[in-house]
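>>> Pasting a predicted model and its sequence here:
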Amino acid sequence: MEEGADFRCWDELLPDALGLIFRNLSLQEILTVVPRVCKSWGKVVTGPYCWQEIDIEEWSNRSEPHIVDGMLRLLIVRSCGSLRKLCVSDLQNDLIFSFIAEHASSLKMLRLPRSYMSDAIVEQVAGRLSAITFLDLSYCGKIGARALEAIGKHCKSLTGLRRNMHPLEMDGKLSQEDEARAIATTMPKLKQLEIAYLLIDTENILEVICHCPELEFLDLRGCWNVKLDEKYLHDKFPKLKVLGPHVVDHYERNNWEVCSDFSESFYDSDSFEGMWDDEESLELRFYEGFDADSGYGWPPSP
């Protein structure tokens, strides 16, 4: 056999094949290591092949809002309209939510926990989210029934909704029965619904169950005013599994307390000024802004 016959030309693999391989790497590795291997790999990273699914939720939990905003815009643009899944938290304003909607023609799964978009912007752009099948709006305190109704009216394929709330954030609020009504009247195809700690009562949830005949899983943990007859549910809705209202374990913290503040000593904001204007040097400059050995801010490698 000719010497070197087993040598594989990794740089000659099709871009979509390389994209599938690179998805197994961490965000840090894709942005800072892969582009420096060879030109062909660098082109793959700057194209849509690596960014059909963008999951930076863990990283965004530990990053300053303007850094998350810039990174999100960069990666979404790279997806070139092929984005199918997006997971990010702590979006700070309506502008970035509107930007996501503008590029959501292929988006199926959208997770935006602890974000701060308003009812008004959701109503304005919901029509652009029509392809979504799963949506996570947990801990989003600035939106309510208006946003949910707009989502339900425009997202006809929606089968999963996560609208869990934080018990401490519910202190002082009277009711969210209008949200339950919006879900019941506009989301008939739901199969999975999570509304832990939502301030609703038995009548509200029965309306949801009756109007969502395909419902298979319902999370009611912390919905203390809901009293369901288990026999009635078993006889009337045999396929439905209900979790709660009793909470067996502690509520999921999801880094709520840990990520509520940012350490000025950890980030050097000045070092990031203008970084988004130069895509070619973004990866290296972004990486060098952190202690490479600390691991803070980056999701771990698989």
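Structure received.

>>> tell me the average confidence for stretch 138-155?
For stretch 138-155, the mean per-residue pLDDT is 97.

>>> what about that stretch, distance to the chain center?
15 Å (Cα atoms, centre = their mean, to the nearest Å).

>>> ok, now stretch 234-249?
What separates the centre of stretch 234-249 from the centre of its chain is 26 Å, taken as Cα atoms, centre = their mean.

>>> got the contact list for that stretch?
196, 209, 215-224, 226, 228, 233 (Cβ atoms under 8 Å, 6 or more residues apart in numbering). In short, each C-beta sits where N, CA and C put it, glycine included.

>>> again, only this time at 10 Å
Outside of stretch 234-249, the residues within contact range by Cβ atoms under 10 Å, 6 or more residues apart in numbering are 167, 191-192, 194-197, 200, 202, 205-206, 209-210, 212-230, 233.

>>> How about T46: what's its closest non-neighbour residue?
Of all residues not flanking T46 in the chain, R78 sits nearest, at 6.1 Å (Cβ to Cβ, 6 or more residues apart in numbering).

>>> measure the one you found to H103 for me?
Shown here: R78 relative to H103, a distance of 10 Å by Cβ to Cβ, to the nearest Å.

>>> rewinding a little: drop anything exposed from the contacts of stretch 234-249.
Buried subset of those (neighbour count, 16 or more other Cβ atoms under 10 Å): 191-192, 194-197, 200, 205-206, 209, 212, 215, 218-224, 226, 228, 233.

>>> about what we covered before: which strands or helices does the strand or helix carrying the residue nearest to T46 pack on?
Per DSSP states H and E: R78 is located in helix 65-79. If contacts are counted by 3 or more Cβ pairs under 10 Å, 6 or more residues apart in numbering; DSSP states H and E, helix 65-79 sits against helix 27-32, helix 39-46, strand 53-55, helix 57-61, strand 85-87, helix 94-102, helix 279-288.

>>> For the ones you listed, could you give me CSV that also reports distance to A180?
Below are the helices and strands packed on helix 65-79 laid out as CSV (distance: least, Cβ to Cβ, whole Å):
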stretch, distance to A180
helix 27-32, 37
helix 39-46, 44
strand 53-55, 29
helix 57-61, 26
strand 85-87, 25
helix 94-102, 23
helix 279-288, 42
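
>>> measure the residue nearest to the spatial centre of the chain to K85 for me?
By Cα atoms, centre = their mean, the chain has its centre lying nearest to R111, at 2.0 Å. To K85, R111 is 8 Å away according to Cβ to Cβ.

>>> Sweet, I'm off.
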